[in-house]
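Novice: Here is a sequence with its predicted model. Questions after.
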2 protein chains.
Amino acid sequence: MAKPGAMSRAATAPALDSLDFALDRGSPVPLYYQLARQLEEAIEHGVLAPGNLLGNEIDLSIRLGLSRPTVRQAIQTLVEKGLLVRRRGVGTQVVHSQVKRPLELSSLYDDLEAAGQGPATRVVRNETVPASADVAAALSVPEGAEVMLLERLRLTHGQPVALLCNYLPAGLLALDSDRLESTGLYRMLRTAGITLHSARQTIGARRATAEEAARLDEQEGTAVLTMQRTAFDDTGRPVEYGTHIYRASRYAFDFQLLVRP
Amino acid sequence: MAKPGAMSRAATAPALDSLDFALDRGSPVPLYYQLARQLEEAIEHGVLAPGNLLGNEIDLSIRLGLSRPTVRQAIQTLVEKGLLVRRRGVGTQVVHSQVKRPLELSSLYDDLEAAGQGPATRVVRNETVPASADVAAALSVPEGAEVMLLERLRLTHGQPVALLCNYLPAGLLALDSDRLESTGLYRMLRTAGITLHSARQTIGARRATAEEAARLDEQEGTAVLTMQRTAFDDTGRPVEYGTHIYRASRYAFDFQLLVRP
DNA sequence: GAGTGGTCTAGACCACGCT
DNA sequence: GCGTGGTCTAGACCACTCA
């Protein structure tokens, strides 16, 4: 009982038979997505345990009244999320634990989420300034052109954690400081109709300057994490450039990588 | 002419008409993959310029003698790579530059590639040791159990860049120091039939200890980048745990994120 | 040899963005 | 309204794994 690994590797079609998936053909939500979502929940809730086989796709599609491609599409999204593994001639099984929650890329999402609600943010500066050389290069604007500068201090539990300095092309959107403190930059971009597509990041380390240390409540010379990021929208135009400094004693980048075959 | 953005946004079916894709139905390589590969090359070589529309999927499939789902599958893989963007009612177009080469996740791949050939690696220790508490927890083995310890120094241009300390479950594979210096750990894992599935990483910063500084040719107290990583195989079992230290003055993590809708 | 996922086809209807 | 991608169907054959 207490011995892990004592049971044989994979039970054939375990609790899956008794699972009833509720598919609503009237819903605007795609069927494959409804199925994927419910499979994901079953895995999260442990109804489908790690190592369990899913049963073959054809049976599944018959049982669910779906076509096989639709079922495959549902499974595929979970494979891409790292929750399921497909093997030819074997079947589809739930990944053996470990890989679960913090799937998404993160780093960007960390900040996305965090900016959304959790930690507090204090806007220190919010104004337009002429672009310096590096900012101009990152945003593809002429040097000296007006850009928006946004400087924020992020805190958790009343303690400063990071110093965020962001630059955006002038006139991209209205940056209301109050909304920024409660809503976060990326959410504001999205509601302004700007759909992010990709971002390039560099993470490094160095010692804090006296001013940085003071702002972060640390001693001069402590090690800090640095990050520069340029974010691009759908069309490939840069929409944001940021230079961030994180207090290494209170913050680390934590994320999960999926190895694509 | 020199004015960017002067041309209208997207030419309808530009050079694509004259592109001849060579699809070999006899090849074991899937058709969708052959097509994806050739589209990708066309984009890389600038035959398909950023902003160009691809022409609708149905015409494409007819022209190529493929079914629409197959063409979609090809396009889909490039969308996931960030090279193409699909818009309803508009079409599929090449992403506006910027996003190109260093697409893959990296960090892991950095090291994968780097370990493969580029920089030199010197194996400092290669032996079995009893697992300490943190190692035991990461590898899911009892504390004190034998594990392989691998300590390497990585150099570029004759300069030390990183101190890599890795732990693997005992008996997982034979670790030949010579091969490790020329082939890299991850490549050895793969050739040993171990297929990596995912990894959890934490990137932080701190000041170097005297010993670390000496090994990295730095002064005591410099800021260094730290990374801990646990890698899992297909079945979710941990196969490797690493604690790495990078010289911040010579190394930074550089990667690209794709924002999934 | 039996069973699995991997690929592929030839249609269909719908939702959305544009003009 | 028209054209686009988004979804879905009901089949088919192949390649691989395992007993």
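Specialist: Arrived safely, thanks for sending.

Novice: quick one: secondary structure of the residue of the stretch 51-200 of chain A found nearest DNA strand D?
Specialist: Proximity of the stretch 51-200 of chain A to DNA strand D (Cβ to the nearest atom of the strand) peaks at A:G89, 2.3 Å away. Glycine gets a C-beta too; all of them are placed from N, C-alpha and C. Here A:G89 is recorded as coil under DSSP: H, G, I helix; E, B strand; the rest coil.

Novice: Count residues in the vicinity of the residue in the stretch 151-261 of chain A that chain B sits nearest to, would you?
Specialist: Of all residues in the stretch 151-261 of chain A, A:G236 sits closest to chain B, at 2.7 Å by Cβ to the nearest Cβ. Residues near A:G236, counting by other Cβ atoms under 10 Å in any protein chain shown, number 20.

Novice: My guess is it contacts A:T195. True?
Specialist: No - taking Cβ atoms under 8 Å as the definition, A:G236 is not a contact partner of A:T195, at 12.0 Å.

Novice: Name the next helix or strand downstream of the helix or strand of chain A with the lowest mean pLDDT, please.
Specialist: Scoring the helices and strands of chain A by mean pLDDT, DSSP states H and E places helix A:108-116 at the bottom, with a mean of 49. The C-terminal neighbour of helix A:108-116 among helices and strands, as given by DSSP states H and E, is strand A:120-130.

Novice: now for the following helix or strand past that following strand, which elements pack on it?
Specialist: Sequence order places helix A:133-139 as the next helix or strand after strand A:120-130, per DSSP H and E. When contacts are defined as 3 or more Cβ pairs under 8 Å, 6 or more residues apart in numbering or on different chains; DSSP states H and E, helix A:133-139 sits against strand A:159-169, strand A:238-247.

Novice: just how off-centre is the shortest one within its chain?
Specialist: Going back to what we said before, that points to strand A:238-247. 16 Å (Cα atoms, centre = their mean, to the nearest Å).

Novice: For that strand, give me every contacting residue.
Specialist: For strand A:238-247, the external contacting residues (Cβ atoms under 8 Å, 6 or more residues apart in numbering or on different chains) are A:135, A:138-140, A:160-169, A:172, A:185, A:189, A:194, A:196, A:208, A:212, A:216-218, A:222, A:224-233, B:98, B:205.

Novice: Let's see the PyMOL selection covering just the buried ones among these.
Specialist: Here is the PyMOL selection string for the buried members of the contacts of strand A:238-247, based on 16 or more other Cβ atoms under 10 Å in any protein chain shown:
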select buried, (chain A and resi 135+138+139+160+161+162+163+164+165+166+167+168+169+172+185+189+194+196+208+212+216+218+222+224+225+226+227+228+229+230+231+232+233) or (chain B and resi 98+205)
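
Novice: List the contacts of the closest residue to chain B within the stretch 1-150 of chain A.
Specialist: Scanning the stretch 1-150 of chain A for the residue nearest chain B gives A:H96, at 2.6 Å (criterion: Cβ to the nearest Cβ). By Cβ under 8 Å, 6+ apart, the residues touching A:H96 are A:P50, A:G51, B:T235, B:G236, B:R237.

Novice: So the fourth one versus A:L225, what's the distance?
Specialist: Distance, B:G236 to A:L225, using Cβ to Cβ, to the nearest Å: 30 Å.

Novice: In CSV, list the contacts of A:H96 along with secondary structure, pLDDT and distance to DNA strand C.
Specialist: As requested, the contacts of A:H96 are exported to CSV (DSSP: H, G, I helix; E, B strand; the rest coil; pLDDT from 0 to 100; distance: Cβ to the nearest atom of the strand, whole Å):
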residue, secondary structure, pLDDT, distance to DNA strand C
A:P50, coil, 85, 16
A:G51, coil, 83, 14
B:T235, coil, 78, 16
B:G236, coil, 80, 18
B:R237, coil, 84, 21
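
Novice: Mind checking which of those are buried?
Specialist: With burial judged by 16+ other Cβ under 10 Å, the buried subset of the contacts of A:H96 is A:P50, A:G51, B:T235, B:G236, B:R237.

Novice: I'd say the last one and B:L168 touch.
Specialist: Going back to what we said before, that points to B:R237. No - contact between B:R237 and B:L168 fails when scored by Cβ under 8 Å: they sit 11.5 Å apart.

Novice: Tell me how chain A divides into domains.
Specialist: A:15-94, A:108-247 (automatic domain parsing).

Novice: What about the residue of chain A found nearest DNA strand C? Give its phi and psi, please.
Specialist: Taking Cβ to the nearest atom of the strand, DNA strand C has its nearest neighbour within chain A at A:G89, 2.7 Å off. Here is the backbone geometry of A:G89 (degrees, to the nearest 10): phi 70, psi 0.

Novice: what do you get for A:S132?
Specialist: Per degrees, to the nearest 10, the backbone of A:S132 is at phi -80, psi 180.

Novice: interface residues of the stretch 51-200 of chain A facing DNA strand C?
Specialist: A:54-59, A:68-69, A:72, A:86-92 (Cβ under 7 Å from any atom of the strand).

Novice: in chain A, what spans have low per-residue confidence?
Specialist: A:1-19, A:97-119, A:261 (pLDDT under 70).

Novice: gap between the helix or strand hosting A:S61 and the chain center?
Specialist: Assigned by DSSP H and E, A:S61 falls within helix A:57-64. Taking Cα atoms, centre = their mean, one finds helix A:57-64 lying 32 Å from the centre of the chain it belongs to.

Novice: buried ones in it?
Specialist: Going by 16+ other Cβ under 10 Å, helix A:57-64 has these buried residues: A:E57, A:L60, A:S61, A:L64.

Novice: Pick the one among these closest to A:Q76.
Specialist: Proximity of the buried residues of helix A:57-64 to A:Q76 was ranked by Cβ to Cβ; the top entry is A:E57 with 10.6 Å.

Novice: surely that closest one meets A:R68?
Specialist: Yes - in this structure, A:E57 is within contact of A:R68 by Cβ under 8 Å, at 5.5 Å.

Novice: Got the phi and psi for the residue nearest to the residue of the stretch 1-150 of chain A closest to chain B when sequence neighbours are not counted?
Specialist: Closest residue to A:H96 apart from its sequence neighbours, by Cβ to Cβ, 6 or more residues apart in numbering or on different chains: B:G236 at 2.6 Å. B:G236 adopts backbone torsions of phi 90, psi 0, taken as degrees, to the nearest 10.

Novice: Check which helices and strands the helix holding A:S61 is in contact with.
Specialist: Using 3+ Cβ pairs under 8 Å, 6+ apart: helix A:57-64 touches helix A:68-81.

Novice: could you redo the last one with a cut-off of 10 Å?
Specialist: helix A:31-44, helix A:68-81, strand A:91-94 (3 or more Cβ pairs under 10 Å, 6 or more residues apart in numbering or on different chains; DSSP states H and E).

Novice: closest to A:N126 out of those?
Specialist: helix A:68-81 (37.0 Å).

Novice: what's the spacing between the closest one and its chain's center?
Specialist: The answer for helix A:68-81 is 21 Å, by Cα atoms, centre = their mean.
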